[in-house]
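A.B. asks: predicted model and sequence follow; I will ask about them next.
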Amino acid sequence: MNNHNQDMSPGYNHADVTRQLLADQSIKVDKTRRRGRAAGLNPSGRYEIQSRHGFDDGWETLEQLEPFKTDVQVERARSVITRNTSPDIPFDRSINPYRGCEHGCIYCFARPSHAHVGLSSGLDFESKLFAKPDAARLLKRELAKDNYIPKSIAIGTNTDPYQPIERKMRIMRQILEVLAEAKHPIGIVTKSALVLRDIDILSQMAQDGLVKVALSITTIDRKLARAMEPRASTPTKRLEALDTLKKAGIPTSIMIAPVIPGLTDFEIERILDSAHSVGVEQASYILLRLPREVSPLFRDWLLRHYPDRYRHVMSLIRSMRGGKDYDAEFGSRMRGNGPYAWQIKRRFEMTCKRLGLSKRFSTPRTDLFTAPEGENTQLKLF
């Protein structure tokens, strides 16, 4: 197998690119190279001038390419708190200790962000990761600014802070230590039972009403979860983590994220029932989102794993997105529109009502915040 370069058009048409990627066999990666990964494609980033394609040059012996291995690079960030003004999400600031995510969830809406560092949203997103080892120091510096006003910081809203490399790098742990010392409120979302490692800090923060933890569960089906989110904790482990967190006095919630019509939506009631059985009191959901490169990646995955459901799933998705694979309109991008989207919403609401699950999330307190000393703070004489 050899590679050749091909010029890429500077424009980006979502439908045309999707059709091209699904039809182009030269960018499909052999399953022996992507074992343990969800994506089957690794197209060049949309900002790149050239793209790389594999081809058979006719010799009997093909070049054997190595499997994709996880590679972690250090990212030297200037700041660590990211701000947003999106009207349909309940926070205005977040922290992402890592760029890219080894969990490899095929539906992850954050995949297109890898194009900004010249990499693919496919297998590169799962295997070429960036870590911010200075995150805790940068956070402490930002919290120490005179004009800083504390509000809850969301962690895990883009890529998972408890993905496998966190076991070794412990960046999330260091961030929590800074936040706990400053008594700063946070909200955590994860698909990993590794969150239990930090239960000592989280339980301490919970006593002051400073933290809430949400575990995201897409499906209870182990086989489907293994194919769709291959390196995340199993659904059972996530439910066990919710149980342990709840018993430690830490406010917990369940996120059904994402709901995939025609594939996982029939599990809404089952997931909520399972979460309620371990003491969870709050719940939310997000409809599948397929922005930019996520659409061809998800469609390729669907064709490989569930070809008999492909047409039905994509038809339902488009029925909730105005006839398109995705609609980024504020107010509807998280829930969709149309009869099927309404049906999902009503099923979720009715099940929450039956189980007594709240759809409103309490806001962690901010009145205990104590700004840490800055790096250049002048020492007092007395």
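C.D. replies: Good, I have the coordinates.
A.B. asks: using the three-state scheme, assign residue 175.
C.D. replies: Residue 175 carries the three-state label helix when classified by DSSP: H, G, I helix; E, B strand; the rest coil.
A.B. asks: the stretch 51-200 of the chain: strands as residue ranges?
C.D. replies: Using DSSP state E, counting those that start in this stretch, the strands found in the stretch 51-200 of the chain span residues 71-74, 81-83, 93-95, 98-99, 128-131, 153-155, 186-190.
A.B. asks: how does this structure divide up, domain by domain?
C.D. replies: Domain assignment for the chain by automatic domain parsing gives 2-55, 71-355.
A.B. asks: ends of the longest one, how far apart?
C.D. replies: Taking Cα to Cα, to the nearest Å, the span from the opening residue of domain 71-355 to its closing residue is 44 Å.
A.B. asks: could you do stretch 177-195 as well?
C.D. replies: 14 Å.
A.B. asks: quick check: mean pLDDT of that stretch?
C.D. replies: Averaging pLDDT along stretch 177-195 gives 97.
A.B. asks: identify each buried residue in it, please.
C.D. replies: Using 16 or more other Cβ atoms under 10 Å as the test for burial, stretch 177-195 gives 177-180, 182-195. C-beta coordinates here come from the backbone N, C-alpha and C atoms, glycine included.
A.B. asks: also stretch 242-255?
C.D. replies: 242-246, 250-255.
A.B. asks: with stretch 347-358 instead?
C.D. replies: 347-348, 351-352, 355, 357.
A.B. asks: quick one: the helices in the stretch 101-250 of the chain?
C.D. replies: Ranges of helices in the stretch 101-250 of the chain, per DSSP state H, counting those that start in this stretch, are 123-127, 135-143, 166-169, 171-182, 199-207, 222-228, 235-247.
A.B. asks: which of these is buried the deepest?
C.D. replies: Mean neighbours per residue, mean count of other Cβ atoms under 10 Å, is largest over the helices of the stretch 101-250 of the chain for helix 123-127, with a mean of 26.
A.B. asks: which strand runs longest in the protein?
C.D. replies: strand 252-259 (DSSP state E).
A.B. asks: name the helices or strands packed onto that one?
C.D. replies: Using 3 or more Cβ pairs under 8 Å, 6 or more residues apart in numbering; DSSP states H and E as the contact test, the elements touching strand 252-259 are strand 211-216, helix 235-247, helix 268-277, strand 282-287.
A.B. asks: that strand pairs with which strands, and in what direction?
C.D. replies: If you go by DSSP bridges, strand 252-259 pairs up with strand 211-216 (parallel), strand 282-287 (parallel).
A.B. asks: quick one, it and helix 235-247 angle?
C.D. replies: 150 degrees (axes from the mean of the first three to the mean of the last three Cα atoms, to 10 degrees).
A.B. asks: ok, residues contacting strand 252-259?
C.D. replies: Strand 252-259 is contacted from outside by 107, 189, 212-218, 242, 245-246, 265, 268, 271-272, 275, 279-289, 344, 348, 357, 361, using Cβ atoms under 8 Å, 6 or more residues apart in numbering.
A.B. asks: tell me which residue lies nearest the centroid of the chain.
C.D. replies: Nearest to the mean C-alpha position of the chain, counting by Cα atoms, centre = their mean, stands residue 159 at 4.3 Å.
A.B. asks: could I get the average pLDDT for stretch 155-163?
C.D. replies: On average, stretch 155-163 scores 94.
A.B. asks: just the pLDDT at residue 352, thanks.
C.D. replies: Looking at residue 352, its pLDDT stands at 97.
A.B. asks: tell me how far it lies from residue 360.
C.D. replies: From residue 352 across to residue 360, the span is 10 Å (Cβ to Cβ, to the nearest Å).
A.B. asks: contacting residues for the nearest residue to residue 83 once chain neighbours are set aside?
C.D. replies: Nearest residue to residue 83, sequence neighbours excluded (Cβ to Cβ, 6 or more residues apart in numbering): residue 93, at 5.5 Å. By Cβ under 8 Å, 6+ apart, the contact list for residue 93 reads 81-84, 151, 153-154.
A.B. asks: redo the strands paired with strand 252-259 as JSON lines? Include distance to residue 145 and mean neighbour count.
C.D. replies: Shown next, in JSON lines, are these (distance: least, Cβ to Cβ, whole Å; neighbours: other Cβ atoms under 10 Å):
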{"stretch": "strand 211-216", "distance to residue 145": "22", "mean neighbour count": "25"}
{"stretch": "strand 282-287", "distance to residue 145": "32", "mean neighbour count": "21"}
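A.B. asks: before we move on, back to that, reformat the strands of the stretch 51-200 of the chain as JSON lines; add distance to residue 228.
C.D. replies: Below are those laid out as JSON lines (distance: least, Cβ to Cβ, whole Å):
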{"stretch": "strand 71-74", "distance to residue 228": "23"}
{"stretch": "strand 81-83", "distance to residue 228": "27"}
{"stretch": "strand 93-95", "distance to residue 228": "24"}
{"stretch": "strand 98-99", "distance to residue 228": "20"}
{"stretch": "strand 128-131", "distance to residue 228": "20"}
{"stretch": "strand 153-155", "distance to residue 228": "23"}
{"stretch": "strand 186-190", "distance to residue 228": "16"}
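A.B. asks: coming back round to it: for residue 367, find the nearest of the domains of the chain.
C.D. replies: In terms of Cβ to Cβ, the element of these nearest to residue 367 is domain 71-355, at 8.8 Å.
A.B. asks: which residue sits closest to the residue nearest to the centre of the chain, ignoring its sequence neighbours?
C.D. replies: Closest to residue 159 by Cβ to Cβ, 6+ apart is residue 101, at 4.1 Å.
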